[in-house]
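> Here is my input; please provide its structure:
(2 chains)
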Amino acid sequence: MLYRTAGQFKTSYRADHALFPVRQDAWLLGAILVLALFVFPLTANEFVFRALLIPVLIYALAALGLNILTGYAGQLSLGTGAFMGVGAYACYKLTTIFPDLNLIVAIALSGFVSAAVGIVFGLPSLRIKGFYLAIATLAAQFFLVWLFDKWTWLYNDNASGAIQVPTVAMFGVPIAGPNATAIVQYYVVLAIVGAITFFCINITRGRIGREWKAVRDMDIAAELVGINLMKSKLSAFAVSSYVVGVAGALFVFLWRGAAEPTAFDIPLSFRVLFIAIIGGLGSILGNFLGAVLIVALPVVISALPASFGLPIASATVEHLNTMTIGALIILFLIVEPHGLARFWTTIREKLIMWPFPH
Amino acid sequence: MKLLEDLLLKPFADMAGAPDFLIQVLWEGLVAGVLYALIALGFVLIYKSSRVFNFAQGIMVVFAALTLVGLHERGVPPWLAVPLTLAVMFVLAVAIERVVLRPLVNQPDIILFMATIGITLFLVGFGEIVFGGENKVMITEELGIPTGSFTFEPFGGFVSIEQKDLVAVVGAALLVALLVVFLNRSRIGRAIRALGDDHQAALSVGISLSVIWVVVWFIAGIIALATGIVWGARAGVSFALEVIAYKALPVLMLGGLESVSGAIVAGIAIGVLEKLFEIYWGQPLFGGGTETWFAFVLALVVLLFRPQGLFGEKIIERV
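Numbering: from 1, shown residues only, chains lettered A, B, ... in the order given. The predicted structure is shown next:
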């Protein structure tokens, strides 16, 4: 009804492959942007910013990075947390070595450090496949987190072993550190996440993205039709690690404010992997849907007993939370193994056809 | 030059200088390696028969140990607690097969892998609610495991071997021997291997997928209980034990995902080598803590030369 495509004719190949082949999609995105740009900031309080909006965006970005590697290029990785750490530590070193550097530039540059590390750990993917590769990326996970702890230069030899974000201002407004307000940070995160998402949508639609998909579907066949496997796999590792690294820098600088090496431990990797898989592998939208689910769910579950007036200890709530998330993951995998993004596709197709069944 | 000397000469000089300490280190490594091998064995069994990469094996170890200790705390005598724990593991196997695996038959590997991570989270939450999250002491003595230690004095030095470690090694060897006989000689064992070779062919000669899956997960549960008892006797029972599950992953990678003997050889190799590296290279040169990653890096290097592990089936790809 709302999704009538009647009257929207495509007269060229180009139009058929446009970013929004159906006009309603563009309106929908516009509505979401209005919500994100104006409605949320005007209505949200500090808690909502810190506990929901900012983490959802950052986790979605990290999942997007992982999705490029796993969903588009088919290389399973369990080391996302460590690559986020590389981005965060690189950004920390950049801001402390060059205190006058613009924070956004520093974040963008730290992504390149993460990309370089990603390429190094991506090299085994040329020989190792499937679960063997997944475990090989765990080598990156454990080695890098150990390095964050032992290489004191990384955190400027301070005694706590943690990195602490200094107050960073841009145009006279503090955007990171203890003095920054949540609303400013939200806008900065939104801008960066938006820009990278736009870049990723286009890269996955273009030549490189199609090469990745060919490699994912069957790498030997892809090689036979003339795709350079090395270039394709390593570029996937590079782009993915870049995005993940930026997400890691945002994670520490614009959300947590401080981080210890353990913050980048394996639970973080799995969390991001959950988001990517529950959202849908090989989709951009899915990362955002998955992040909303994984980040919002614990907040909702911990708020529920209190709102019903049930006296449950906070430790029990936390355990219930873990249990529920585990059960929900299984449930989602059973109901829709292709993730939330596929749900949306199905709904959209049904809406276009409505009221006819086929 | 100094660095090269520290890397290449000094460790070996240290080893030769204190052979009794070297033996102690090797023994500790061997015991740890046997435990890694046991966990890896649980993985291999499930992977062989169902192509499920069972991430929950580590938490099953914790869960089994917690159930045993928890039952004992509630006044169940030890001789009854062990069979009851086994019953719980059986119920768990049936539940996992019914609720998780059956609806997910034929899904891609990664989906099943994620499902086992879901099981892991569920069991962590469930276990903490039922038994509490604090560290518990394994009921070693109640189970009749000796706790003293033997001491030797080779080369004029001093080596101490704890009796419970000895029991662990002997017990693990017995368990593995039993398992090999079961897999090779019994009807169900043959069915498990048939499923591992070819699902459809096995189904078409009348092997029941669901029965075999329950059996396999139950065997993995038994192995988990054995591992839990042994490891719990060394380090106490808590969810921190979960980290040893990660240690089983490089073991799998090194040994090959389908190979029972590979899991055992690689487990012992990794246990011994990581101990040696930590004591002679890690602590003096890198500030220690290398045990978290050494096994992974070692396995990664081996994989570069043998992409399917030392004993894994050769991957044949067709287009």
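
> what's the spacing between the residue nearest to A:Tyr72 when sequence neighbours are not counted and chain B?
Excluding its sequence neighbours, the residue lying closest to A:Tyr72 (Cβ to Cβ, 6 or more residues apart in numbering or on different chains) is A:Trp212, at 4.4 Å. To be clear about C-beta, it is placed using only N, CA and C from the backbone, and glycine gets the same treatment. As judged by Cβ to the nearest Cβ, to the nearest Å, A:Trp212 and chain B stand 16 Å apart.

> Per-residue pLDDT of the residue nearest the centre of chain B, please?
Nearest to the geometric centre of chain B sits B:Ile39, at 1.4 Å (Cα atoms, centre = their mean). Model confidence at B:Ile39, expressed as pLDDT, equals 85.

> can you tell me which helix or strand it belongs to?
helix B:19-50 (DSSP states H and E).

> circling back: what helix or strand does the closest residue to the residue nearest to the centre of chain B other than its chain neighbours sit in?
Using Cβ to Cβ, 6+ apart and skipping the chain neighbours, the partner closest in space to B:Ile39 is B:Ala248 (3.9 Å). In this structure, B:Ala248 sits in helix B:243-255 according to DSSP H and E.

> so for that helix, what's the average pLDDT?
The average of the pLDDT scores along helix B:243-255 is 80.

> do stretch A:159-177 as well
Across stretch A:159-177, the per-residue pLDDT values average to 78.

> Quick check, B:Met89 in contact with B:Leu225.
Yes - the pair formed by B:Met89 and B:Leu225 meets the contact definition of Cβ atoms under 8 Å, at 6.3 Å.

> ok, so what distance separates the residue in the stretch 51-200 of chain A positioned nearest to chain B from B:Ile117?
With Cβ to the nearest Cβ, the shortest gap between the stretch 51-200 of chain A and chain B falls at A:Ala139, namely 3.5 Å. Counting by Cβ to Cβ, to the nearest Å, the gap between A:Ala139 and B:Ile117 amounts to 19 Å.

> that older thread, residues touching the residue nearest to A:Tyr72, list them.
By Cβ atoms under 8 Å, 6 or more residues apart in numbering or on different chains, the residues touching A:Trp212 are A:68, A:72-74, A:204, A:232, A:235-236.

> Lowest pLDDT pick from those residues?
Least confident by pLDDT among these: that is A:Gly74, with 86.

> Tell me how many other residues crowd that one.
Neighbouring residues of A:Gly74 were enumerated by other Cβ atoms under 10 Å in any protein chain shown; the total is 25.

> Can you tell me the SS state at it?
Three-state call for A:Gly74 (DSSP: H, G, I helix; E, B strand; the rest coil): coil.

> same check, this time on A:Lys10
Assigned state for A:Lys10: coil (three-state reduction, three-state DSSP).

> which regions of the chain sit below the pLDDT cut-off?
I'll assume chain A. Chain A contains residues with pLDDT under 70 at A:1, A:305-306, A:309-312.

> other chain: chain B
Along chain B, segments meeting pLDDT under 70 span B:1, B:133, B:140-142, B:144, B:153-157, B:315, B:317-319.

> For A:Tyr155, which non-adjacent residue is closest in space?
Spatially, and ignoring its direct neighbours in sequence, A:Tyr155 is nearest to A:Ile163 (5.1 Å; Cβ to Cβ, 6+ apart).

> show me the contacts for the one you found.
Contacts were defined as Cβ under 8 Å, 6+ apart; by that measure A:Ile163 touches A:88-89, A:92, A:154-155, A:252, A:258-259.

> which among those end up buried?
With neighbours counted using 16 or more other Cβ atoms under 10 Å in any protein chain shown, the contacts of A:Ile163 contain these buried positions: A:88-89, A:92, A:154-155, A:252, A:259.

> Out of those, which two sit at the greatest distance?
Taking Cβ to Cβ as the measure, these reach their widest spread between A:Leu154 and A:Val252, a distance of 12.5 Å.

> Please enumerate the shared neighbours of the two.
Between them, A:Leu154 and A:Val252 have A:92, A:163 as joint contacts when contacts are counted by Cβ under 8 Å, 6+ apart.

> so what's A:Asn321 up against?
Applying Cβ under 8 Å, 6+ apart, we find A:Asn321 in contact with A:298, A:301-302, B:125.

> the helices in the stretch 51-200 of chain A, which residues?
Along the stretch 51-200 of chain A, the stretches classed as helices by DSSP state H, counting those that start in this stretch are A:54-67, A:80-97, A:103-122, A:130-150, A:182-205.

> Ok, which of the ones you listed comes nearest A:Leu33?
Each of the helices of the stretch 51-200 of chain A has some distance to A:Leu33 by Cβ to Cβ; the shortest is helix A:182-205, at 8.3 Å.

> What is the subsequent helix or strand relative to that closest one?
With elements assigned by DSSP H and E, the helix or strand that comes after helix A:182-205 is helix A:207-217.

> is chain B contacted by the helix or strand following that following helix?
The element immediately downstream of helix A:207-217 (helix or strand, assigned by DSSP H and E) is helix A:219-224. Yes - Helix A:219-224 lies in contact with chain B when judged by Cβ under 8 Å from any Cβ of the partner chain; the contacting residues are A:220-221, A:224.

> got a winner among those for most neighbours?
The most crowded member of the residues of helix A:219-224 next to chain B, judged by other Cβ under 10 Å, is A:Ala221 (14 neighbours).

> residues of the helix holding B:Ala248 that come out buried?
For helix B:243-255, a neighbour-count test (16+ other Cβ under 10 Å) marks B:244-255 as buried.

> tilt between the strand or helix carrying A:Ala31 and helix A:182-205?
With elements delineated by DSSP H and E, A:Ala31 resides in helix A:23-34, which encompasses its position. Counting by axes from the mean of the first three to the mean of the last three Cα atoms, to 10 degrees, helix A:23-34 lies at 150 degrees to helix A:182-205.

> what's helix A:23-34 in contact with?
Applying Cβ under 8 Å, 6+ apart, the set of residues contacting helix A:23-34 from outside is A:2-3, A:5, A:8, A:20.

> out of the residues you listed, which is most surrounded?
A:Tyr3 (17 neighbours).

> Does anything pack onto whichever strand or helix holds B:Ile59? Which helices or strands?
For B:Ile59, the enclosing helix or strand under DSSP H and E is helix B:57-73. In this structure, helix B:57-73 makes packing contacts with helix B:19-50, helix B:78-95, helix B:109-131, helix B:209-235, helix B:243-255, judged by 3 or more Cβ pairs under 8 Å, 6 or more residues apart in numbering or on different chains; DSSP states H and E.

> tell me which residues in that helix are buried?
In terms of neighbour count (16+ other Cβ under 10 Å), helix B:57-73 has its buried residues at B:57-72.

> Now for the residues you listed: which two are most distant?
So, those by Cβ to Cβ: farthest apart are B:Gln57 and B:His72, at 23.3 Å.

> Could you single out the nearest of the buried residues of helix B:243-255 to B:Gly221?
Within the set of the buried residues of helix B:243-255, B:Ala245 lies nearest B:Gly221; the separation is 14.3 Å, counting by Cβ to Cβ.
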